[in-house]
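K.L.:
I'll drop the sequence and a predicted model, then ask my questions.
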Amino acid sequence: MAQRHFEGKAHAESYQRYRVSPPQQLIDEVLNFLQKRIQGQLDLAVDVGCGSGQGTELLAPHFITVVGTDISAAQLEIASAKDHAPNLCYRECPAEELPFEDESSDLVTAMSSAHWFDHPRFLREVDRILKPGGCLALLSYTMDFELEYGESTPKLNEICQEFYTALFPFRKAYIGSSSLQVYKKIYDSVPYKDKEWHECHRSRTIMPLSRFIGFVETFSTYQSFLEKDSVGAKRLSKTITDRLLDAMGASSADTEVVVVLKYFYILASKPQKS
């Protein structure tokens, strides 16, 4: 059964404010994989579980039409309200019931969302809507983000590990102890012979410390803690922020740090018709 999360308006707004887009290099790898299997014009890309559209937007220059889908009306309202390319639109639907014709899509992506899907049903839908030679790309990252800030780096990551450890008990049972393992199971379930598993692509993003904290707060572990004990969750965020600032020798949460994300991803191509 698919899981439903990130649907409230407040959470959708924070998702838009704090979540990061996949690195362009990773999008380029997806496109290179696809263009080796489908030559010429690329008609349709479908980004499933698109949230507020940070990743969906990166596909627009490469396809005639790009459609982001999500089950959350609040997420899609925010995505649609942003300035976006005229060939990009959004549709509300489950990942397991995609409103596209058979063999109509060149690419189906899911960026940091596939772990919530009903995987057998989703993969059947992917196979139904992909053209022969069309590709599936599932991207995500591990939750052990690293911070870099000069000589303070080792201490910052000790504190970050304490943050993640404190949130771990609130992890959804559906995805178990490791999303990496969830995606490896999905990879094993993809029925195509032409498929690749990749880890780990390290991506460095500069952002204010406050945004890093906000980023972590968008995740289901923190949101579950917030629902159970809002005072405790907010206290944890403030304590971690204060300790990080102290280790950095900084006074403002606007101070920029380097955040390192470790991506892993699946690329697979539907067989051409014989």
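P.N.:
Everything's here; your move. Quick caveat: nothing in here was measured; it's all calculated off a predicted structure. Numbering: from 1, shown residues only.
K.L.:
In this structure Val46 contacts Ser105, no?
P.N.:
Yes: between Val46 and Ser105 there is a contact at 5.1 Å, judged by CB atoms under 8 Å. Where you see a C-beta, it was placed from the backbone N, CA and C, and this is true even at glycine.
K.L.:
Which neighbours do the two have in common?
P.N.:
Listed as contacting both Val46 and Ser105 by CB atoms under 8 Å, 6 or more residues apart in numbering are Ile129.
K.L.:
so what's the closest residue to Leu209 other than its chain neighbours up against?
P.N.:
Distances taken as CB to CB, 6 or more residues apart in numbering place Ala253 nearest to Leu209, at 4.8 Å, with adjacent residues excluded. Residues in contact with Ala253 (CB under 8 Å, 6+ apart) are Pro208, Leu209, Ser210, Ile213, Thr241, Leu245.
K.L.:
Kindly state the pLDDT recorded for the second one?
P.N.:
When you say that, I think you mean Leu209. pLDDT for Leu209: 98.
K.L.:
right, and it touches Leu245 too?
P.N.:
Yes: when contacts are counted by CB under 8 Å, Leu209 is listed as touching Leu245 (6.9 Å).
K.L.:
ok, those two, which is more surrounded?
P.N.:
Leu209 (23 against 15; other CB atoms under 10 Å).
K.L.:
Please enumerate the helices of the stretch 101-250 of the chain.
P.N.:
Here the stretch 101-250 of the chain has its helices, by DSSP state H, counting those that start in this stretch, at 119-129, 153-167, 179-189, 209-217, 220-228, 230-248.
K.L.:
which helices and strands does the fifth one pack with?
P.N.:
In other words, helix 220-228. helix 153-167, helix 209-217, helix 230-248 (3 or more CB pairs under 8 Å, 6 or more residues apart in numbering; DSSP states H and E).
K.L.:
and that helix with helix 230-248, angle?
P.N.:
Interaxial angle, helix 220-228 versus helix 230-248 (axes from the mean of the first three to the mean of the last three CA atoms, to 10 degrees): 130 degrees.
K.L.:
So for helix 220-228, what gets flagged as buried?
P.N.:
By neighbour count with 16 or more other CB atoms under 10 Å, helix 220-228 contains the buried residues Ser220, Thr221, Tyr222, Gln223, Ser224, Phe225, Leu226.
K.L.:
any idea which of the residues you listed is closest to Val66?
P.N.:
Set against Val66, the nearest of the buried residues of helix 220-228 by CB to CB is Ser220 (26.4 Å).
K.L.:
before we move on, back to that, which of the helices of the stretch 101-250 of the chain sits most buried?
P.N.:
Among the helices of the stretch 101-250 of the chain, the stretch with the highest mean neighbour count (mean count of other CB atoms under 10 Å) is helix 209-217, at a mean of 20.
K.L.:
Just give me how far that one sits from the chain centre.
P.N.:
Centroid separation for helix 209-217 versus its chain: 16 Å, with CA atoms, centre = their mean, to the nearest Å.
K.L.:
for stretch 205-216, same thing?
P.N.:
Counting by CA atoms, centre = their mean, stretch 205-216 comes out at 16 Å from the chain centroid.
K.L.:
quick one: low-confidence parts of this structure?
P.N.:
Within the chain, the stretches with pLDDT under 70 are 1-12, 15-16, 176.
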